[in-house]
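# Everything below, folded, please.
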Amino acid sequence: MIKLTYNELRKTKVEVGMPEQEFFTFREYMRKDQEILSASAEDYMEMIYRLSEETGFTRVNDLAAALNVQPPSVTKMIQKLADVHLLKYEKYGVIMLEPGGVKLGKTLLNRHNLIERFLSVLDIKDGLLESTEKMEHTISNEILLGLRDLTDFFDEYPEIKEQFLAFRRGKIKWTEP
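The predicted model follows:
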């Protein structure tokens, strides 16, 4: 059995052409990039924003129904979000976003809509919402800007979008190599 020190292992990586950057598991990347809010908390903020756009507020039962969760789960989460001053909530009352919560909710909804728009440009139909939900919590701002530019480009040049879709339709079947 060969034992290598860390520096010997790094040198071996370089010799065989492996990149200098460190690789991590998905979980470690997520831990490294973890923001104040979890993905679940972001979903709550996005939905609270959606539900309160017209009236300026929403209720626990409406939020629970929209997210397919139980009211006690909603109460627990909104208490956490109230603790970080994103919303106001009184027991058995209404949920109202604070100014920072409105800004965050709008940003989260815009992120969701942009990813959904991008997937629609790719003509994704099966599992569109599920894929959008999975992607939105793991995507960087730089990638979002790229997606926005690409979707705006296709909006500006619909004939190129049609050429792309025709090209894609010819290759749509996925096969393992």
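# Distance-wise, check residue 147 relative to residue 88.
Distance, residue 147 to residue 88, using C-beta to C-beta, to the nearest Å: 33 Å. In short, each C-beta sits where N, CA and C put it, glycine included.
# Low-confidence stretches in the protein?
1-36, 172-177 (pLDDT under 70).
# Where do the strands of it begin and end?
58-59, 87-89, 94-97 (DSSP state E).
# got JSON lines for those strands, with mean neighbour count too?
As requested, the strands of the chain are exported to JSON lines (neighbours: other C-beta atoms under 10 Å):
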{"stretch": "strand 58-59", "mean neighbour count": "20"}
{"stretch": "strand 87-89", "mean neighbour count": "20"}
{"stretch": "strand 94-97", "mean neighbour count": "20"}
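# would a markdown table of those with distance to residue 70 be doable?
Putting the strands of the chain into a markdown table (distance: least, C-beta to C-beta, whole Å) gives the following:
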| stretch | distance to residue 70 |
| --- | --- |
| strand 58-59 | 14 |
| strand 87-89 | 17 |
| strand 94-97 | 16 |
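# quick one: which of those is nearest residue 126?
Closest approach to residue 126 among these is made by strand 58-59 (30.3 Å; C-beta to C-beta).
# counting contacts, what elements does that closest one pack onto?
In terms of contacts (3 or more C-beta pairs under 8 Å, 6 or more residues apart in numbering; DSSP states H and E), strand 58-59 is packed against helix 39-52, strand 94-97.
# Once you drop chain neighbours, what's closest to residue 52?
Using C-beta to C-beta, 6 or more residues apart in numbering and skipping the chain neighbours, the partner closest in space to residue 52 is residue 58 (4.7 Å).
# for that neighbour, what are its contacts?
By C-beta atoms under 8 Å, 6 or more residues apart in numbering, residue 58 lies in contact with 48, 51, 52, 94, 95.
# which one among the residues you listed gets closest to residue 116?
Nearest to residue 116, judged by C-beta to C-beta, of these is residue 51 at 18.0 Å.
# quick revisit: make CSV from the contacts of residue 58 and add distance to residue 130 to it.
Formatted as CSV, the contacts of residue 58 follow (distance: C-beta to C-beta, whole Å):
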residue, distance to residue 130
48, 21
51, 20
52, 24
94, 30
95, 26
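# of these, closest to residue 123?
Closest to residue 123 out of these is residue 51 (29.8 Å), distances taken as C-beta to C-beta.
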